[in-house]
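Novice: Here you go, sequence then predicted model.
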Amino acid sequence: MPSATELKRRIEAALPGSAVSVEDLTGGGDHFRAEVVSERFDGLSRLEQHRLVYDVFGSEVGGPIHALSIKTSIPSGGTP
Amino acid sequence: MTNTEIRDFIASSIDENPVMLFMKGTPHQPACGFSARTSACLNALGVKYAALDILPDPRIREELSSLSGWPTIPQLFVDGELIGGADIVIEMYESGELAEKLEVEQPEDAPEPEPQQQRQAPIGLENRLD
């Protein structure tokens, strides 16, 4: 069963330098909400940004990860 | 129906309906909170849209996701283009982008896109599309 910590780690690994928080919405390990702040989103549409996050999990979304709600943003204040 | 027929039906639904929502349940009896909130956004804007319940046959979802490259339900298409799932539709509703995209006025006091009814519809109810 996936955990919020595992999802967070995998998103951070796939999008280096990103700030990620993942919440298990039901405590059941299948409904999650991820907030991802990453430079990688710069210049991408919202749809493309969400796809980048979904792509981390491939067919697990809709499978063991029943629902993954996503909020993406680009860091403000320039590059670190 | 064969998988190809299902796929063709999905493709023509997207093609023929300027605003096409694939969801779990129906706008009247949504079977999932994400689908409920997404259709509530469209209802709040007062746009006409076509909706297809993906639950009656698991192949509808499989073929839809393979066609759109989007893994979750709901999925909203406008003029044949995938807009996104619940998160994107709700964000765009709140920012006014959805009204702009659909060429309608954003309501003055944009109501929260909360579904009118939250009750879960059991799978297999009659499909009551408008």
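Specialist: Right, received. Where do you want to start? Residues are numbered from 1 along each chain as shown, chains lettered A, B, ... in the order given.

Novice: hey, let's count contacts and neighbours off CA atoms from now on
Specialist: OK.

Novice: quick one, strands of the chain?
Specialist: No chain was given, so I picked chain A. Secondary structure of chain A (DSSP state E): strands located at A:19-24, A:31-37, A:67-73.

Novice: Can you look at chain B instead?
Specialist: Applying DSSP E to chain B gives strands spanning B:19-23, B:50-53, B:75-78, B:81-84.

Novice: need the contact list for the residue lying closest to residue B:38 once chain neighbours are set aside.
Specialist: Leaving aside its sequence neighbours, residue B:38 sits nearest to residue B:86 (CA to CA, 6 or more residues apart in numbering or on different chains; 5.4 Å). Applying CA atoms under 8 Å, 6 or more residues apart in numbering or on different chains, we find residue B:86 in contact with B:34-35, B:37-38, B:73-75.

Novice: residues in chain B within reach of chain A, list them.
Specialist: B:70-72, B:83-84, B:87-88 (CA under 8 Å from any CA of the partner chain).

Novice: Now that we have those residues, which of them are buried?
Specialist: Listed as buried from the residues of chain B next to chain A are B:70-72, B:83-84, B:87-88; burial here means 16 or more other CA atoms under 10 Å in any protein chain shown.

Novice: Out of those, which sit inside helices?
Specialist: Counting by DSSP state H, the members of those that fall within helices are B:87-88.

Novice: Looking at stretch A:10-21 now, give me its mean pLDDT.
Specialist: In this model, stretch A:10-21 has a mean pLDDT of 97.

Novice: got it, and stretch B:6-15?
Specialist: Mean predicted confidence for stretch B:6-15 is 97.

Novice: Return the set of buried residues in it.
Specialist: B:6-7, B:10-11, B:13-15.
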